[in-house]
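*Asks:* Take this sequence and fold it.
(one chain, ligands or ions: 1)
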Amino acid sequence: MQTKKIPLDITKATTSRLAEVDFDNLVFGKYYTDHMMVCDYENGKWNTPKIMPYGPLSVEPSCKAFHYGQAIFEGMKAFKDENGKVWLFRPEENFNRANISCKRMAMPEFPKEYFFEALETLLKLDEAWIKAGDGNSLYIRPFVIATENGVSASPSSAYKFMIICCPAKAYYSSPVKVTIAQKYSRSADGGVGYAKAAGNYGASFYPTNLAKEKGYQQVIWTDASTHQYLEEAGTMNVFFRINNTLITAPTSDRILDGITRKSLIKLAQDQGLQVEIRRITVSELVDAAKNGSLKEMFGAGTAATIAPIEGFEYNGDYYELPEVKDAYSQYLKKSLQDIQYNRAEDKFGWRYEI
Ligand code: COI
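*Replies:* Below you'll find the model as predicted:
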């Protein structure tokens, strides 16, 4: 991707914390690399992006992100191949989605050349934090917060666009059990469900905690008005395999346009699997579970990659999925990871070399 080179203000860390990290027992999101990117928006423009040692920020207690949740984020990953080369997966999609989210939250859009220049510089500086080998990656968290001081309920005039990175392995280490939402909702028509607005996630924590108390790791959200249509899980989009057809809900203003979701749809179609992008009701799912045609369910997201679902709860009944041979989830995960780790032809131009 050709973007205009722009100057960065770089301060390198004098020591590294890399040796403190236990890569065999990584906890997702706990350890951050030595550097971060910070770019301030003031007086109607983005200043020169700064790359600096990872560390605390200084913002005033009245800053608007704290009071009105004017904040968005992205999730992306870098992978190291067996020759030590580093690759991003579809970073332009994350960049575009960040700006879609910013627009919805009345925040200024970020310039593309700043994003790519800063990201590449950051990854080159912290390259040693990226481990090669299946399942290893560097999770990259770009985010934007409103930093103007003052609690008047109006959009901020100051922001920070930042990028921090943490080494990551699988988000879910084993198949998950889910419950289907019957009371709470993640998003509503005309709302911010399609944006990666921080509050979408914060708002899901309480119902997710209730689900966890009952032994379910995730909630599958349904539409807010009828609770009849299956939409997405809080940390991932969701796929259902009924007989040999893979079904996932269409994106809408309530559902996140997941990059893993759209990559899997493309890979599945390219490999001749039957894919239906259509609304699917809870009763269709329950019927399919009862008559044995529901073969698989899995979540798809950047952090989660592909997370198999072993069963779901609805109306007090638990439906366990059968063990399937040649699971689509495993097959698609391999196809996706072969591209991400530079082991397969990049037919769709998804890899981005650092
Ligand atoms: C991601 O997959 O990058 C996400 O944003 C999910 C996150 C809440 C862990």
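
*Asks:* List the contacts of the residue of the stretch 151-300 of the chain found nearest the ligand.
*Replies:* Closest approach between the stretch 151-300 of the chain and the ligand, counting by CB to the nearest ligand atom: T235, at 4.2 Å. All C-beta spots, glycine's among them, are computed from the backbone N, C-alpha and C. Taking CB atoms under 8 Å, 6 or more residues apart in numbering, we find T235 in contact with 171, 218, 299, 301, 303-304.

*Asks:* Please report which of these has the highest neighbour count.
*Replies:* Using other CB atoms under 10 Å as the neighbour test, the contacts of T235 are led by G299, with 29 neighbours.

*Asks:* give me the element that residue is part of.
*Replies:* strand 294-301 (DSSP states H and E).

*Asks:* which helices and strands does the helix or strand that comes right after that strand pack with?
*Replies:* Sequence-wise, the next helix or strand downstream of strand 294-301 (DSSP H and E) is strand 305-314. In terms of contacts (3 or more CB pairs under 8 Å, 6 or more residues apart in numbering; DSSP states H and E), strand 305-314 is packed against strand 176-180, helix 259-270, helix 282-291, strand 294-301, strand 317-320, helix 328-340.

*Asks:* For strand 305-314, which strands pair with it and how are they oriented?
*Replies:* strand 176-180 (parallel), strand 294-301 (antiparallel), strand 317-320 (antiparallel) (DSSP bridges).

*Asks:* when you scan that strand, is anything in it near the ligand?
*Replies:* No: judged by CB under 6 Å from any ligand atom, strand 305-314 makes no contact with the ligand; its nearest approach is 8.7 Å.

*Asks:* between that strand and helix 259-270, how many degrees?
*Replies:* 100 degrees (axes from the mean of the first three to the mean of the last three CA atoms, to 10 degrees).

*Asks:* Give the buried residues for strand 305-314.
*Replies:* Buried residues in strand 305-314, defined by neighbour count with 16 or more other CB atoms under 10 Å: 305-309, 311-314.

*Asks:* average pLDDT for that strand?
*Replies:* The average pLDDT within strand 305-314 is 96.

*Asks:* Check stretch 190-200 too.
*Replies:* pLDDT averaged over stretch 190-200 gives 96.

*Asks:* same check, this time on stretch 85-94
*Replies:* Per-residue scores along stretch 85-94 average to 98.

*Asks:* before we move on, the earlier item: would you format the strands paired with strand 305-314 as TSV with distance to A65 and mean pLDDT included?
*Replies:* TSV is the format used below for these (distance: least, CB to CB, whole Å; pLDDT from 0 to 100):
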stretch	distance to A65	mean pLDDT
strand 176-180	31	96
strand 294-301	24	97
strand 317-320	40	98
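
*Asks:* Out of those strands, which is the most enclosed?
*Replies:* Greatest average neighbour count among the strands paired with strand 305-314 goes to strand 294-301 (a mean of 24), per mean count of other CB atoms under 10 Å.

*Asks:* Kindly present the helices and strands packed on strand 305-314 as a markdown table, with separate columns for distance to the ligand.
*Replies:* Shown next, in a markdown table, are the helices and strands packed on strand 305-314 (distance: least, CB to the nearest ligand atom, whole Å):
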| stretch | distance to the ligand |
| --- | --- |
| strand 176-180 | 13 |
| helix 259-270 | 7 |
| helix 282-291 | 23 |
| strand 294-301 | 4 |
| strand 317-320 | 25 |
| helix 328-340 | 14 |
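
*Asks:* Out of these, flag the one nearest S157.
*Replies:* The stretch from the helices and strands packed on strand 305-314 with the least distance to S157 (CB to CB) is helix 259-270; that distance is 30.8 Å.

*Asks:* residues of that closest one that come out buried?
*Replies:* 259-265, 267-268.

*Asks:* Report the two of the residues you listed separated the most.
*Replies:* Every pair of the buried residues of helix 259-270 checked by CB to CB; the farthest is I259 and A268, at 15.0 Å.

*Asks:* ok so, going back, out of the buried residues of strand 305-314, who's nearest the ligand?
*Replies:* Using CB to the nearest ligand atom, these come closest to the ligand at T305, 8.7 Å.

*Asks:* picking up where we left off before, what angle do the strand holding G299 and helix 282-291 make?
*Replies:* 130 degrees.

*Asks:* Show me what strand 294-301 is in contact with.
*Replies:* Residues contacting strand 294-301 (CB under 8 Å, 6+ apart): 75, 171-172, 176, 178, 218, 233, 235-244, 258, 260-261, 264, 285, 288, 306-309, 312, 319, 321-322, 324, 327-329.
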